[in-house]
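Novice: Next come a sequence and a model predicted from it.
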Amino acid sequence: MTDKKASMKAYWKRNLRYLLILLSIWFLVSYGLGILLVEPLNYFHIGGFPLGFWFAQQGAIYVFVILIFAYVRLMNKLDKEFDVDEK
């Protein structure tokens, strides 16, 4: 295997690892906090609304947007590391 192929294989492996981690975080927040743990979280309030309801309606969306920005930052860093960035 050439160096270029090995480099691209490592690049995609790291890219998939980032995707798996970020999507797992989103799943835990949206499904775990918004559905499974909604009752215990409803004992706490944020902005006048029960925390479980807030996570189900707003929190998962906010976390998703934050994860998009995190992914962009991680990928820009990864692109520079593997010299595949737009110069």
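Specialist: Ah, there it is.
Novice: need the strands for this structure, in chain order.
Specialist: For the chain, the strands defined by DSSP state E cover 45-46, 49-50.
Novice: okay, the residue nearest in space to the middle of the chain: pLDDT?
Specialist: For the chain, the residue nearest the mean C-alpha position is residue 22 (2.6 Å; C-alpha atoms, centre = their mean). At residue 22, the model reports a pLDDT of 97.
Novice: name the helices or strands packed onto the longest helix belonging to the chain?
Specialist: Longest among the helix segments of the chain by residue count, using DSSP state H, is helix 3-27. Where contact means 3 or more C-beta pairs under 8 Å, 6 or more residues apart in numbering; DSSP states H and E, helix 3-27 is packed against helix 60-81. Yep, even glycine has a C-beta here, placed from its N, CA and C like the rest.
Novice: before we move on, back to that, buried residues, the longest helix of the chain. List them.
Specialist: Across helix 3-27, burial judged by 16 or more other C-beta atoms under 10 Å covers 11, 15, 18, 22, 26.
Novice: ok, which pair from the residues you listed is furthest apart?
Specialist: Farthest-apart pair in those is 11 and 26; separation 22.7 Å (C-beta to C-beta).
Novice: now this protein, which segments are flagged as low pLDDT?
Specialist: Low-confidence segments of the chain, defined by pLDDT under 70: 1, 87.
Novice: contacting residues around the spatially closest residue to residue 84 that is not a sequence neighbour?
Specialist: Closest residue to residue 84 apart from its sequence neighbours, by C-beta to C-beta, 6 or more residues apart in numbering: residue 11 at 6.8 Å. Contact partners of residue 11, counting by C-beta atoms under 8 Å, 6 or more residues apart in numbering, are 78, 82, 84.
Novice: Need the contact partners of stretch 34-53.
Specialist: Stretch 34-53 has contacts (C-beta under 8 Å, 6+ apart) with 33, 54, 55, 56, 57, 59, 60.
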